[in-house]
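Engineer: Any chance you can model this:
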Amino acid sequence: GEMNISPSLLLDAVIQSPDENLRYLITQNQELIINLSRLSKLSIRPSGEKPRASATAVIGETIISVILDGVIDFSKEISRLEKEIGKISTEIEKVSKKLSNDDFIKKAPDHIIEKSKAQFQLMDEKKEKLINQLNKIKHLSNE
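Structural biologist: The predicted structure is shown next:
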């Protein structure tokens, strides 16, 4: 979802674990996992090199990688995120100017000031998430 991938798209995934018993358990339930996770393919391996251009989750010693190579256009996603960061930065600047304007602070009702502060906080958090996502995508595209 964070990477703007359609939920209807079936993806490939790789599970790597040094735990032979866990790999056996996953293998025994592979079809169920594929169906529930909406995967096209699931590979189960002992620990090894992380697949190229993949989103990764780590659970204990187990690494789950969703293959993104060929699924996302990294340059388009980078452009989209940069554009979105630019828009939100402009909005943050507007709200920031309003909050640093003494006339606004003196004349506006408290609930309006609080609403503006909350809006600023939410946009700042969103911007941080977008920057983190952009950095992830840039890292994946360079792998």
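Engineer: What segments of this structure are helices?
Structural biologist: Using DSSP state H, the helices of the chain run over residues 20-28, 30-37, 74-99, 102-107, 110-142.
Engineer: So which residues make contact with the second one?
Structural biologist: Yep, that's helix 30-37 we're talking about. Contact with helix 30-37 is made by 13, 26, 39-42, 44, as judged by C-beta atoms under 8 Å, 6 or more residues apart in numbering. Where you see a C-beta, it was placed from the backbone N, CA and C, and this is true even at glycine.
Engineer: low-confidence ranges in the chain?
Structural biologist: Within the chain, the stretches with pLDDT under 70 are 1-2, 143.
Engineer: can you rerun that using 50?
Structural biologist: The chain contains no residues with pLDDT under 50.
Engineer: related to what we said a few turns ago, can you pick out the ones from the contacts of helix 30-37 that are in strands?
Structural biologist: If you go by DSSP state E, the contacts of helix 30-37 have 13, 39-42, 44 in strands.
Engineer: Dig out what the nearest residue to Arg45 once chain neighbours are set aside forms beta bridges with.
Structural biologist: In space, and not counting its chain neighbours, Arg45 is closest to Gln16: 5.0 Å by C-beta to C-beta, 6 or more residues apart in numbering. With DSSP bridges applied, Gln16 shows beta-bridge pairing to Arg45, Ile63.
Engineer: quick one: contacts for Gln16?
Structural biologist: So Gln16 contacts 45-48, 50, 62-65 (C-beta under 8 Å, 6+ apart).
Engineer: Would you reformat those residues as a markdown table and include neighbour count and distance to Ile72?
Structural biologist: Putting these into a markdown table (neighbours: other C-beta atoms under 10 Å; distance: C-beta to C-beta, whole Å) gives the following:
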| residue | neighbour count | distance to Ile72 |
| --- | --- | --- |
| Arg45 | 13 | 23 |
| Pro46 | 10 | 28 |
| Ser47 | 12 | 26 |
| Gly48 | 10 | 23 |
| Lys50 | 13 | 17 |
| Thr62 | 16 | 24 |
| Ile63 | 20 | 20 |
| Ile64 | 17 | 18 |
| Ser65 | 20 | 14 |
